[in-house]
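**Q** Need coordinates for the following:
(chains A and B)
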Amino acid sequence: MSRLAAILLALAALAPASARAERLIVSISNHRVTVTSSYSGEELVLFGSVERDAKTPARHGAYDMVVTVAGPRADLVTRRKERKFGIWVNADSRQFLNVPLYLAVSSNRPIDAIAGADVRRRQQLGIDNILLTQRVGPDYADVVASDPFRQAFVRLRGERGLYRQSADGVTFLTPTLFRTGIKLPAEVPTGTYDVDIKLFADGALVGGTQTAFEIVKVGFEQFIATAAHQHGLAYGLATALMALMTGWMASIVFRRD
Amino acid sequence: MQLYLPIADIPVNVFLILAMGAAVGFVSGMFGIGGGFLLTPLLIFIGIAPAVAVASVSTHIAASSLSGALSYWRKRAIDTTLALVLLGGSVIGTFLGVWLFTLLRAHGQLDLVIALSYVVLLTGVGGAMCYEGLRAIRRARRGGNPTLRRPGAHTWIHGLPLKMRFKRSKIYLSVIPVNIIGLLIGFLGAIMGVGGSFILIPILIYVLRIPTSTVIGTSMALTLVTMVIATVLHAVTNHQVDAVLALILMIGGVTGAQFGAQAGHRIRSEHLRLLLGLLILAVGVRFAVELGIKPDEIYTIRASGGDA
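**A** Numbering: from 1, shown residues only, chains lettered A, B, ... in the order given. Model (predicted):
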């Protein structure tokens, strides 16, 4: 999806008519976050500026910005417990298809104040408007933001720091220079993270750009993770052998007879 | 000291994991059990995914049961014939258990079945052990004969065909109940993520009337083999064995087990049985309470793919 977006952006840049809108130049403090044995979360910084040229129309108000960071995607199931025969059991469930494992939305002021309901829905601004496809029986659909399963899903991800929304996350240092922080919790999933930056003026989308960063395991952590996933049998045998060696050594060290 | 676990994908405090391993190791050394039924819930409690916890604990139990089994081997307290016959049933039981495990996980009822089996088995076994322990203590107080088993005490189980001589245990017994017990232990072990010695030991003592001298060693040998198989199976099918987590656990565990074993020698055996019974009962009651009261959070999120 990001590749398609990149091609579209490149085409848009080639078209001479597009010179009218604002261009965004952004830079991220680290494009490759490495997870080592001492990793316990990190905060990235995204800097950027709004570039205008002679053809850009004058704007009445100040710029607004919404930055959406979406991590790698997976299918997740949300289950709800109900009381049956006096005990609490999982009863109803919803499957969330291809949803981001990490999602962070930052803006310079509340999203409700940046754009109208229609624009918010079309541009998927804010967690309430981001598409989270559910499978309910045979149907595939996103539901209203007040759906209890959707709310519980967002809340539970939020409690682990994996879904977050901040209405003062983006700071305009000058009218055209901005920065935002991307907080990554310790239990962050590895993979590619897409960053989508959208610029608004007077409630309308006037520009946007995309960038990405990746979170990877390196060194020993990567070695273990790759071995476990790609050479399961060898990894299992090696782990079992390690267990036997530890047990054997313990029986020698602590031998009393 | 924080350390990032490569498979569990979360940073943990090394000293906390070491302490947990040591505490459970102390208990397991004291009573001659693996301690999986204590360690697995503890790991889940600190935020490790259930599948990773179950898989890594089996590796940990393999290590602690080897060091235990070796010392029983030196004391010639392992009945290899008995262990092999039990193992035959246990391997079939493990495969049946893994099959049911996968089926239940697909239907989202695995947590319930695990919780229910913990409640039923732990309260049942724990309750019976407490009752028996109290009776033994009362008998000892009264100054009566403390020996529980008379050599001639036989039940219908001892009348079954296909009899076989288990030399080390000095017992002549049908292989049918031994195989069935092995199957049951393997099955429960795969479902509950425990070695099963806390169920096996009472059954061997009270149902099959096998002398206590060989029961613990034999149970450890069986646990060792099943847990090595379980480690490899978990690694091949679910890729959820965290070797780093397992290593920290086993270092704490084998150390704790030594002190536990020393403490165990100083306590009288009927008191020891009562203590173990109370411990097992407490864990069972905790699971029962959890099922009965309204949980703080009625929603849960799980990956619908490979990892639970």
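
**Q** show me the contacts for residue 29.
**A** No chain in the question, so chain A it is. Counting by C-beta atoms under 8 Å, 6 or more residues apart in numbering or on different chains, A:S29 touches A:44-47. Placement of C-beta: from N, CA and C, glycine included.

**Q** Switch to chain B, please.
**A** B:G29 makes contact with B:68, B:256-261, B:263-264 under the criterion C-beta under 8 Å, 6+ apart.

**Q** rerun that using 10 Å as the cut-off
**A** By C-beta atoms under 10 Å, 6 or more residues apart in numbering or on different chains, the contact set of B:G29 is A:254, B:35, B:64, B:67-68, B:253-264.

**Q** B:L18 too?
**A** Counting by C-beta under 10 Å, 6+ apart, B:L18 touches B:1, B:248-249, B:251-253, B:255-256.

**Q** Whichever of these end up buried, select them in PyMOL.
**A** What follows is the PyMOL syntax selecting those of the contacts of B:L18 that are buried according to 16 or more other C-beta atoms under 10 Å in any protein chain shown:
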select buried, chain B and resi 248+249+251+252+253+255+256
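
**Q** quick check: longest helix of the chain.
**A** I'll assume chain A. helix A:232-253 (DSSP state H).

**Q** Sorry, I should have been clearer: chain B.
**A** As assigned by DSSP H, the longest helix anywhere in chain B is helix B:110-141.

**Q** what pLDDT, on average, does it get?
**A** Helix B:110-141 shows a mean pLDDT of 83.

**Q** Next, the spatially most central residue of chain A: phi, psi?
**A** In chain A, the centroid-proximal residue (C-alpha atoms, centre = their mean) is A:A70; its distance is 2.6 Å. According to degrees, to the nearest 10, the main-chain angles of A:A70 amount to phi -120, psi 120.

**Q** Skipping adjacent residues, who's closest to it in space?
**A** A:P100 (4.1 Å; C-beta to C-beta, 6 or more residues apart in numbering or on different chains).

**Q** ok, now A:P110?
**A** Spatially, and ignoring its direct neighbours in sequence, A:P110 is nearest to A:A167 (4.5 Å; C-beta to C-beta, 6+ apart).

**Q** Just list the residues touching the one you found, thanks.
**A** Residues in contact with A:A167 (C-beta under 10 Å, 6+ apart) are A:105-114, A:126.

**Q** Out of those residues, list just those in helices.
**A** Using DSSP H, the members of the contacts of A:A167 that fall within helices are A:111-114.

**Q** Can I have the buried ones of those residues as a PyMOL selection?
**A** Here is the PyMOL selection string for the buried members of the ones in helices among the contacts of A:A167, based on 16+ other C-beta under 10 Å:
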select buried, chain A and resi 111+114
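
**Q** Between the ones in helices among the contacts of A:A167, which sits nearest B:G277?
**A** Comparing the ones in helices among the contacts of A:A167 against B:G277 with C-beta to C-beta places A:I111 closest, at 58.9 Å.

**Q** Nearest residue to that closest one in space, please, no chain neighbours.
**A** Counting by C-beta to C-beta, 6+ apart, the residue nearest A:I111 is A:G126, at 4.4 Å.

**Q** doesn't A:V119 make contact with the one you found?
**A** No. If you go by C-beta atoms under 10 Å, A:G126 and A:V119 don't touch, sitting 11.2 Å apart.

**Q** A:H231 contacts A:I224, doesn't it?
**A** No. Look at A:H231 against A:I224 with C-beta under 10 Å: they stay out of range, at 11.0 Å.

**Q** picking that back up, so of the contacts of B:L18, which ones are in helices?
**A** Per DSSP H, helices hold the following members of the contacts of B:L18: B:248-249, B:251-253, B:255-256.

**Q** Include pLDDT and distance to chain A when you put those into CSV, please.
**A** Shown next, in CSV, are the ones in helices among the contacts of B:L18 (pLDDT from 0 to 100; distance: C-beta to the nearest C-beta, whole Å):
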residue, pLDDT, distance to chain A
B:I248, 93, 11
B:L249, 93, 10
B:I251, 90, 7
B:G252, 91, 11
B:G253, 89, 9
B:T255, 86, 8
B:G256, 87, 11
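
**Q** Which members of the residues you listed define the maximum pairwise distance?
**A** For the ones in helices among the contacts of B:L18, the farthest-apart pair by C-beta to C-beta is B:I248 and B:G256; their separation is 12.5 Å.

**Q** Need the residues touching each of those two.
**A** Common neighbours of B:I248 and B:G256, counting by C-beta under 10 Å, 6+ apart, are B:18, B:20-21.

**Q** any chance of the residues you listed in JSON lines, plus secondary structure and pLDDT?
**A** Listed next are the shared contacts of B:I248 and B:G256 as JSON lines, based on DSSP: H, G, I helix; E, B strand; the rest coil; pLDDT from 0 to 100:
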{"residue": "B:L18", "secondary structure": "helix", "pLDDT": "92"}
{"residue": "B:M20", "secondary structure": "helix", "pLDDT": "92"}
{"residue": "B:G21", "secondary structure": "helix", "pLDDT": "91"}
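
**Q** Pick the one among those residues closest to chain A.
**A** Minimum distance to chain A across the shared contacts of B:I248 and B:G256 is 11.2 Å, recorded for B:G21 (C-beta to the nearest C-beta).
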